[in-house]
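Colleague: attaching a predicted model along with its sequence, questions to come.
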Amino acid sequence: METAPLSAGQARPLREQCRGNAVRRCLLLLGAAAALCACGQRDVFNHASDATPHQRELERAFAICAGCHDTRADLGHRVGPNLHGVIGRRAGTAPGYAYSEAMRDSGIVWDARTLDAFLASPQKQVPGTRMPNATSDPQRRRAVIEYLSAPPR
């Protein structure tokens, strides 16, 4: 059975439909690839078998931060800067991270007091920062600060 060729008017909608389907397939494939990448396990906390219950508690407090930040020296920056050695460092100065102008110009030197204020209200402490998460629980902030202050394991 022979089919008649499509006219120009008929071929165009078919081409557009195929293009649209290809775009949808590509987006679906990219979404699936991103989901698979997200499933990979990272050793965010560099657990040691001898970690104390207190250390594990500090790690749990830092867990939400670990979505954007690493703390190991051998890992680079993520969405947020690597926080290895952050205590005593001037804000906005970790090499290789593209800080907001607000953070670079803040003049903050990170210590327990400045970190506590920043974690409680990032936008209040540094208007224009890209840090989206505030931590209202003072106990959790103390645990995060203790985690960041601890020598690397």
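Modeller: Yep, that arrived. From a predicted model like this one, the values you see are computed outputs, not experimental measurements.
Colleague: per-domain residue ranges of the protein.
Modeller: 7-40, 53-149 (automatic domain parsing).
Colleague: what about the residue nearest to Thr114 when sequence neighbours are not counted, how many neighbours?
Modeller: Excluding the flanking residues, the one nearest Thr114 by CB to CB, 6 or more residues apart in numbering is Ile108, at 5.2 Å. C-betas here are computed from N, CA, C, even on glycine. Counted by other CB atoms under 10 Å, the residues lying close to Ile108 total 17.
Colleague: Ile108 contacts Ala91, doesn't it?
Modeller: Yes. Ile108 lies in contact with Ala91 (CB atoms under 8 Å); the separation is 4.0 Å.
Colleague: okay, now the unreliable bits of the chain?
Modeller: 1-49, 152-153 (pLDDT under 70).
Colleague: burial measure for Thr129, as a count.
Modeller: What Thr129 shows, counting by other CB under 10 Å, is a neighbour count of 19.
Colleague: same check on Glu101?
Modeller: Applying other CB under 10 Å, we find 10 residues neighbouring Glu101.
Colleague: make 556 the starting number, not 1.
Modeller: Right, with 556 as the first residue, what we last looked at is Glu656.
Colleague: I'd say it and Gly683 touch.
Modeller: Yes. Assessed by CB under 8 Å, Glu656 is found in contact with Gly683 at 7.0 Å.
Colleague: nearest residue to Pro682 other than its sequence neighbours?
Modeller: Nearest in space to Pro682, with sequence neighbours left out and distances taken as CB to CB, 6+ apart, is Ala657 at 6.2 Å.
Colleague: just the element for that neighbour, please.
Modeller: helix 656-659 (DSSP states H and E).
Colleague: now do the contacts for the residue lying closest to Pro636 once chain neighbours are set aside.
Modeller: What sits nearest to Pro636 in space, not counting adjacent residues and going by CB to CB, 6+ apart, is Tyr652, at 4.1 Å. By CB atoms under 8 Å, 6 or more residues apart in numbering, Tyr652 lies in contact with 632, 636-637.
Colleague: mind doing that once more with 10 Å?
Modeller: 631-633, 635-637, 658 (CB atoms under 10 Å, 6 or more residues apart in numbering).
Colleague: and Glu701, by the same measure?
Modeller: 609-610, 612-613, 616-617, 667.
Colleague: how about a cut-off of 6 Å?
Modeller: The contact partners of Glu701, by CB atoms under 6 Å, 6 or more residues apart in numbering, come to Leu613.
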